[in-house]
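>>> Task: produce atomic coordinates for the following.
(2 chains)
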Amino acid sequence: MSSPISTKPPSGMRDFLAPDVVRRRHVIAVVQRVYESFGFVPLETPTIENLATLLGKYGPEGDQLLYRVLHRREKLQRALAAGTATELDLADEGLRYDLTVPLARVVANHRDLPQFYKRYQIQPVWRADRPAKGRFREFWQCDVDVTGTASVVADAEVCGAVAEVLRELGFADFRILCNHRELLRALVAEAGIAPQQEALALIVLDKLDKVGADGVRTELAEKGVPAAQTDALLATLARAREPGQLDRFAVAEGALGKGARELQALFATAAAGPAGAHLTFDPSLARGLGYYTGPIFEIQVADLAGSLGGGGRYDGLIGMFGKQPIPAVGFSLGLERILLVMEERGMFPSLGIGPQVLLCRMEGVAEAAAIRTATALRAHGLRVELYPDATKLGKQLQYANTIAAPFAAILGGNEVAAGTVTLKDLAAGTQATLPPADVAARVLAAR
RNA sequence: GUGGCUGUAGCUCAGCUCGGUUAGAGCACCAGGUUGUGGUCCUGGGGGUCGCGGGUUCAAAUCCCGUCAGCCACCCCA
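Numbering: from 1, shown residues only, chains lettered A, B, ... in the order given. Next up, the predicted model:
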């Protein structure tokens, strides 16, 4: 009986049964509608990209998490025969890791796109990460991006779009944390931290909320950053959190002032849209992805350790494909994260899609007669399941309960002769024998 | 990548400490309780090489080692 083949899906990947699918579709429908209302148009790209497209865009951690697709046939045999094959020799393609890099490739490749290409994309991505709560190896992202402009309007619009999605889904308490890569780098440099330790410092700083100042001191000390520099950085960041500090940064020279002024502009502009009340300056927000250059964003809710989404400006990424540099900004919502919080908070409306009517066939009624009746009921707009066998009525009604159909329609010899069906309301226990049009009217009225 | 917890029927678990008939329960599933009426109830039934591999022993679900998988926290991210 038990099979030697595991029936579980691969680690970090899941099957979605009807109740899951219905909830996922519900969220996706809202995302799609809101994104389109902002003027974004859809894009779908292949599951698999060339490794050259993917590698070197996300930083070393990201490269490690890429699912690679093995060479086929002769190429693989040749690589293996060499005996010294490395990962790069064995694979030339990989599963997409996010939707931003494929977008960058598409924009670099299609020169006839609108100057301001506003696209949304809702597709799965894969990361060979260790699964945890709210983290999967296959998950869906809902991205909105604007390419071809460095205008703060684009930054404000992507923030507005995701904020409106969350608002329409019923979220009220989320924060969109904002920081700026250039501002952050200026603060790190100001603390005296060497440029080659900057990336390291940024990653550790991102943990400030979770591990606290002492945790950051310990971790940076282990990585060889002098304590005096760490203290200087922490002091600077603590000051940066004080109200009005962004305005003081804004009058500074160089990258510090530039970053601060760009954030000020973003806050001022986005305030006129749905994101306004949710934007929060967080000087310790760093974000791991390598390609961000300007403002960076992350959506936070109190009851989830991870984020609901993230994004930022990446003015250098499209240019990495060897064509002209094109500025871009985008935001990504994590479908599973949103679903997780909505499930935990009980935020879903009732979303039934199963059959409204189970059509029961009595013994002696021809299969064709049942098909004919089911077809008539369906033509009136009902979702109808036809019980396959003419078994005992009790068994058929029991099955109706099992699949949670609110009505049963009974087709016996009498009904066939009269051109009627007996409609039974399974919750109330009442029933009436009616022509199909009246059956449909009653079922539809019961919703 | 680090630390911890857990793997026994489709699902949730008991049994393990102190090895000993044929490994249990609830739910689910199937069949019956005669005619075209379900949810409750009663009776019966199918379904497990106790995650996998090795070791100790007369004897292992139970003890020991290894391994794989899942979950939680951290890290990172969506």
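
>>> For the rest of this, base every contact and every neighbour count on C-alpha atoms.
Noted.

>>> for the stretch 101-250 of chain A, which spans come out with low pLDDT?
The stretch 101-250 of chain A contains residues with pLDDT under 70 at A:199-200, A:203-204, A:206-214, A:222-223.

>>> can you rerun that using 80?
The stretch 101-250 of chain A contains residues with pLDDT under 80 at A:193-230, A:233-234, A:237-238, A:241, A:243.

>>> Which stretches in it count as strands?
Taking DSSP state E, counting those that start in this stretch, the strands of the stretch 101-250 of chain A run over residues A:117-126, A:138-147, A:175-180.

>>> now the angle from the second one to strand A:117-126?
Here strand A:138-147 runs at 160 degrees with respect to strand A:117-126, directions being taken by axes from the mean of the first three to the mean of the last three CA atoms, to 10 degrees.

>>> what's the domain layout of chain A?
Domain ranges of chain A: A:18-345, A:357-445, per automatic domain parsing.

>>> Report whether the shortest one contacts RNA strand B.
When you say that, I think you mean domain A:357-445. Yes - Domain A:357-445 is in contact with RNA strand B by CA under 7 Å from any atom of the strand, via A:362-363, A:392-395, A:397-398, A:401-402, A:410-415, A:422, A:424-431.

>>> So how do I select the buried members of those in ChimeraX?
To isolate the buried members of the residues of domain A:357-445 next to RNA strand B in ChimeraX, using 16 or more other CA atoms under 10 Å:
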select /A:362,397,401,410,411,412,415,422,424,425,426
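
>>> Take the residues of domain A:357-445 next to RNA strand B and keep only those in strands.
Counting by DSSP state E, those place A:410-411, A:422, A:424-425, A:431 in strands.

>>> nearest to A:His380, of the strands of the stretch 101-250 of chain A?
strand A:117-126 (33.5 Å; CA to CA).

>>> Among the ones in strands among the residues of domain A:357-445 next to RNA strand B, which one lies nearest to A:Leu317?
A:Asp425 (60.0 Å).

>>> Please enumerate the strands of the stretch 251-400 of chain A.
A:279-281, A:295-300, A:309-313, A:328-334, A:357-361, A:384-386.

>>> Pull the fourth one out as CSV, backbone CA atoms only.
Provided in CSV are the C-alpha atoms of strand A:328-334 (Å, rounded to 0.1, in the frame of the first residue of the first chain):
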residue,chain,number,x,y,z
ALA,A,328,14.5,52.2,-12.5
VAL,A,329,12.6,51.8,-9.2
GLY,A,330,10.3,49.0,-8.0
PHE,A,331,8.5,47.3,-5.2
SER,A,332,7.8,43.7,-4.6
LEU,A,333,5.1,42.2,-2.4
GLY,A,334,5.5,38.7,-1.0
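
>>> Name the surrounding residues that touch that strand.
Applying CA atoms under 8 Å, 6 or more residues apart in numbering, the contact partners of strand A:328-334 are A:100, A:139-150, A:154-155, A:158-159, A:162, A:297, A:308-315.

>>> Which of the residues you listed are buried, as a ChimeraX select command?
One line in ChimeraX is enough to select the buried ones among the contacts of strand A:328-334; burial here means 16+ other CA under 10 Å:
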select /A:100,139,140,141,142,143,144,145,146,147,148,149,150,154,155,158,159,162,297,308,309,310,311,312,313,314,315
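
>>> just the contacts of strand A:328-334 that are near RNA strand B?
A:139, A:141, A:308-311.

>>> So for A:Ser307, what's the pLDDT?
pLDDT recorded at A:Ser307 is 90.

>>> And the helices in the stretch 1-150 of chain A?
A:18-37, A:51-54, A:60-64, A:73-82, A:87-90, A:100-109 (DSSP state H, counting those that start in this stretch).

>>> Please disregard the earlier target; I meant the stretch 251-400 of chain A.
Using DSSP H, counting those that start in this stretch, helices in the stretch 251-400 of chain A cover A:254-270, A:335-345, A:367-379, A:393-402.

>>> Can you say which of those helices is nearest to A:Glu219?
The minimum distance between A:Glu219 and those falls on helix A:254-270, with 25.5 Å, by CA to CA.

>>> name the helices or strands packed onto the closest one?
Helices and strands touching helix A:254-270, as assessed by 3 or more CA pairs under 8 Å, 6 or more residues apart in numbering; DSSP states H and E, comprise helix A:152-169, strand A:175-180, helix A:181-190, helix A:245-250, strand A:295-300.

>>> I'd say A:Gly294 and A:Leu184 touch.
No - using CA atoms under 8 Å as the test, A:Gly294 is too far from A:Leu184 to be in contact (9.8 Å).

>>> hang on, the earlier thing: winner for burial among the helices of the stretch 1-150 of chain A?
Across these, averaging neighbours per residue (mean count of other CA atoms under 10 Å) puts helix A:100-109 on top, at a mean of 20.

>>> Can you give the contact residues for it?
A:45, A:49, A:53-54, A:57, A:96, A:113, A:143, A:147, A:317-319, A:321, A:323-324, A:330.

>>> Now with 7 Å, please.
The contact list for helix A:100-109 (CA atoms under 7 Å, 6 or more residues apart in numbering) reads A:45, A:54, A:317-318, A:321, A:323.

>>> now that helix against strand A:138-147, angle please.
Going by the same axes, to 10 degrees, helix A:100-109 makes 40 degrees with strand A:138-147.

>>> Pull helix A:100-109 out as PDB, backbone CA atoms only.
Taking Å, rounded to 0.1, in the frame of the first residue of the first chain, the C-alpha atoms of helix A:100-109 are listed here in PDB:
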ATOM      1  CA  THR A 100      13.500  42.500 -11.000                       C
ATOM      2  CA  VAL A 101      16.500  41.000 -12.800                       C
ATOM      3  CA  PRO A 102      14.300  39.400 -15.600                       C
ATOM      4  CA  LEU A 103      12.700  42.800 -15.900                       C
ATOM      5  CA  ALA A 104      16.000  44.500 -16.300                       C
ATOM      6  CA  ARG A 105      16.900  42.000 -19.000                       C
ATOM      7  CA  VAL A 106      13.600  42.600 -20.800                       C
ATOM      8  CA  VAL A 107      14.100  46.300 -20.800                       C
ATOM      9  CA  ALA A 108      17.700  46.100 -22.000                       C
ATOM     10  CA  ASN A 109      16.500  43.700 -24.800                       C
END
